[in-house]
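[1] Show me how the following folds:
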Amino acid sequence: MEKIAIVTGGGRGIGLAIVRQLAQDGFRVAIMGSSPEINYKESLDKIRETGAEILYVSGSIANSSDRQLFVELVVKKFGKIDVLVNNAGIAPLARVDLLDMSEESFDRVIEVNLKGTMFFTQLVAKQMISQKREGEKKGTIINISSISSVVSSINRGEYCISKAGVSMLTTLYADRLAPEGIFVYEVRPGIIDTKMTAKTKDKYNDLIEQGILPIKRWGKPEDIANVVSLLCSDKMTYSTGDHIYVDGGFHIQRL
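    Residues are numbered from 1 along each chain as shown. This next block holds a predicted model:
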């Protein structure tokens with residue numbers, strides 16, 4: 001039986017790579033994105049040309065009504081939800097010193113990255129619980145976090161705090177949902193070549209050249225998608241609450 005996956009923020013970058021990979025894996029994929037579908041038409045049409053079924057709905061995970069409507073549309077069209085990939089997230093509008101961070105910037109980032117992820121997961125988890133179990137697990141939830149959940153960047157503290165919160169959400173939901181047969185994981189990308197990192201390209205090029213990463217290259221969105229593909233498979237049925245770094249080995253402490 002075909003499986004249904006939801007990917008938030010799936011129109012570009014890491015999210016689009018995940019959509020492409022899950023479609024290749026045989027999933028029917030529903031995307032929730034903050035921009036109109038026309039902005040991503042070319043990329044999504046290429047995936048659809050492979051025979052994959054893609055549903056795109058414009059909305060914000062920070063908006064309760066948008067979240068509710070999206071889940072209702074997915075269930076109405078596909079009948080169930082097997083996988084949720086919480087990928088949607090935003091960076092601060094400007095990088096400023098921690099002592100100068102504004103409440104407005106903090107609230108904006110937390111509302112999407114943490115609050116939106118929290119309550120969207122809650123909504124989808126309840127839907128998954130209501131479904132009949134097929135195989136060893138009833139559902140899979142994957143949070144795309146960041147090395148920033150544990151690495152300090154004092155000029156974008158609100159982002160780090162939001163991702164640290166997502167790490168705890170992973171632990172909490174893994175604990176709560178394991179008895180239901182729903183497994184929860186966290187993926188922590190490192191320096192990935194996306195629009196979000198475009199403005200800091202020169203900085204990271206220099207750091208990579210200096211040897212900050214054991215695997216001496218930029219990460220690609222496909223590197224994240226490959227790990228998500230594994231976690232969505234039936235090959236991990238005795239693990240939950242785990243985090244996986246996809247960071248070129250950056251997390252290794254070295255002398």
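[2] Which residues belonging to the helix or strand hosting residue 172 are considered buried?
    Following DSSP states H and E, one finds residue 172 within helix 157-177. Judged by neighbour count using 16 or more other CB atoms under 10 Å, the buried positions of helix 157-177 are 157-167, 169-170, 173-174, 177. For glycine as for every other residue, the C-beta is placed from the backbone atoms N, C-alpha and C.
[3] swap in stretch 200-220?
    For stretch 200-220, the neighbour count (16+ other CB under 10 Å) marks 204, 208, 212-213, 218-219 as buried.
[4] chain center to it, what's the gap?
    With CA atoms, centre = their mean, to the nearest Å as the basis, stretch 200-220 stands 22 Å off its chain's centre.
[5] Kindly export that stretch (C-alpha atoms) in CSV.
    Written as CSV, here are the backbone C-alpha positions of stretch 200-220 (Å, rounded to 0.1, in the frame of the first residue of the first chain):
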residue,chain,number,x,y,z
THR,A,200,27.6,33.7,4.4
LYS,A,201,29.2,31.8,1.5
ASP,A,202,32.6,33.4,1.7
LYS,A,203,32.8,32.9,5.5
TYR,A,204,32.0,29.2,5.3
ASN,A,205,34.3,28.7,2.2
ASP,A,206,37.2,30.0,4.3
LEU,A,207,36.3,27.9,7.3
ILE,A,208,36.0,24.7,5.3
GLU,A,209,39.3,25.5,3.6
GLN,A,210,40.9,25.9,7.0
GLY,A,211,39.7,22.5,8.0
ILE,A,212,36.7,23.1,10.3
LEU,A,213,35.0,20.0,8.8
PRO,A,214,36.6,16.5,8.7
ILE,A,215,34.7,15.9,5.5
LYS,A,216,36.0,18.9,3.6
ARG,A,217,33.0,20.1,1.5
TRP,A,218,29.7,21.9,1.7
GLY,A,219,26.7,19.7,2.5
LYS,A,220,24.0,19.4,-0.1
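[6] Do a quick rundown of the helices in this structure.
    Counting by DSSP state H, the chain has helices at residues 13-24, 41-48, 64-78, 103-110, 117-129, 157-177, 201-209, 221-232.
[7] Tell me which of the ones you listed lies nearest to residue 244.
    Of all the helices of the chain, it is helix 221-232 that lies closest to residue 244, at 5.7 Å by CB to CB.
[8] returning to that earlier point: which strands or helices does the helix holding residue 172 pack on?
    The criterion is 3 or more CB pairs under 8 Å, 6 or more residues apart in numbering; DSSP states H and E, and the helices and strands that helix 157-177 contacts are helix 103-110, helix 117-129, strand 139-144, strand 182-189.
[9] Relative to the whole chain's centre, how far out is that helix?
    Centroid separation for helix 157-177 versus its chain: 12 Å, with CA atoms, centre = their mean.
[10] quick one on the thing from earlier: quickly, which of the helices of the chain bottoms out on average pLDDT?
    Among those, helix 201-209 has the lowest mean pLDDT, at a mean of 92.
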